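Chemist: Need coordinates for the below:
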Amino acid sequence: MTVPKNTLPLAGLETVYDALASAIDQAGPGKAELFLVKLALLNANALADARLFETHVQTALRDL
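Modeler: Now for the predicted structure:
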């Protein structure tokens, strides 16, 4: 995977992780999957690169 030039530092990743965990809790067990799909689509649109998004999907599936 190609690492973009603009990456978050560790502190930024921790902030994102905390926000994501909190949002998943807020969505609740019945809506967490829907929330994650909506979030993924919003981020894919912001990324504006379907191939890079697919690479991210495959990377995230590794070692589950």
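Chemist: could you check the distance from the residue nearest the centre of the chain over to Asp25?
Modeler: Against the mean C-alpha coordinate of the chain, by C-alpha atoms, centre = their mean, the closest residue is Ala40 at 5.9 Å. For Ala40, the distance to Asp25 equals 18 Å [C-beta to C-beta, to the nearest Å]. Glycine gets a C-beta too; all of them are placed from N, C-alpha and C.
Chemist: repeat for Arg62
Modeler: Arg62 sits 25 Å away from Asp25, going by C-beta to C-beta.
Chemist: How about Gly12?
Modeler: 21 Å.
Chemist: Helices along this protein, start to end?
Modeler: 10-27, 32-47, 50-61 (DSSP state H).
Chemist: will you turn those helices into JSON lines that also has mean pLDDT?
Modeler: Converted to JSON lines, the helices of the chain look like this (pLDDT from 0 to 100):
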{"stretch": "helix 10-27", "mean pLDDT": "97"}
{"stretch": "helix 32-47", "mean pLDDT": "98"}
{"stretch": "helix 50-61", "mean pLDDT": "96"}
